[in-house]
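**Student:** the amino acid sequence is not available; the structure is as follows:
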């Protein structure tokens, strides 16, 4: 049986590696694939990830790059059923509502509880 695919779309390599390490230990039945840009993730949408964890500010360090919302929109053109979880360091209800209004399934704040919340979300999707 093949493992469920999870895209981690995050431009901060240290945060992405910490998240990947945590999820690998907590949920080894998931295949974790990291992309540092939305463009890379969209090119690989044919892999049809079950879940995509997307950094809201993907374009912060990549001027002209795809934003998190743009990435989700393009990803879903090929992988329509992907459960999209937004990650952001912004404690903004407006930002959370914006992601949900564009079709995100969840919004997770990058704080001390983020990794546990993502594990909970993976369990609910399984």
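**Tutor:** Looks like it arrived, so ask away. Please read all numbers here as calculations on a predicted model, not as lab measurements.

**Student:** so where's the protein uncertain?
**Tutor:** Applying pLDDT under 70 to the chain flags residues 1, 60-61.

**Student:** can you show me the helices along it?
**Tutor:** Along the chain, counting by DSSP state H, helices occupy 13-26, 38-43, 68-78, 93-101, 114-125.

**Student:** please name the bridge partners of the nearest residue to residue 23 once chain neighbours are set aside.
**Tutor:** Leaving aside its chain neighbours, residue 23 sits nearest to residue 32 (5.8 Å; criterion: Cβ to Cβ, 6 or more residues apart in numbering). Every C-beta, even on glycine, is put in place using the N, C-alpha and C of the backbone. Counting by DSSP bridges, residue 32 is bridged to residue 6.

**Student:** who are the neighbours in contact with residue 32?
**Tutor:** Going by Cβ atoms under 8 Å, 6 or more residues apart in numbering, residue 32 touches 6, 8, 20, 23, 24.

**Student:** ok, the third one to residue 91 distance?
**Tutor:** Distance of residue 20 to residue 91, given as Cβ to Cβ, to the nearest Å: 24 Å.

**Student:** which one of these two has more residues nearby?
**Tutor:** Using other Cβ atoms under 10 Å as the criterion, residue 20 and residue 91 rank with residue 20 on top: 17 against 10.

**Student:** from memory that one sits against residue 6, does it?
**Tutor:** No: using Cβ atoms under 8 Å, residue 20 is not in contact with residue 6, being 9.3 Å away.
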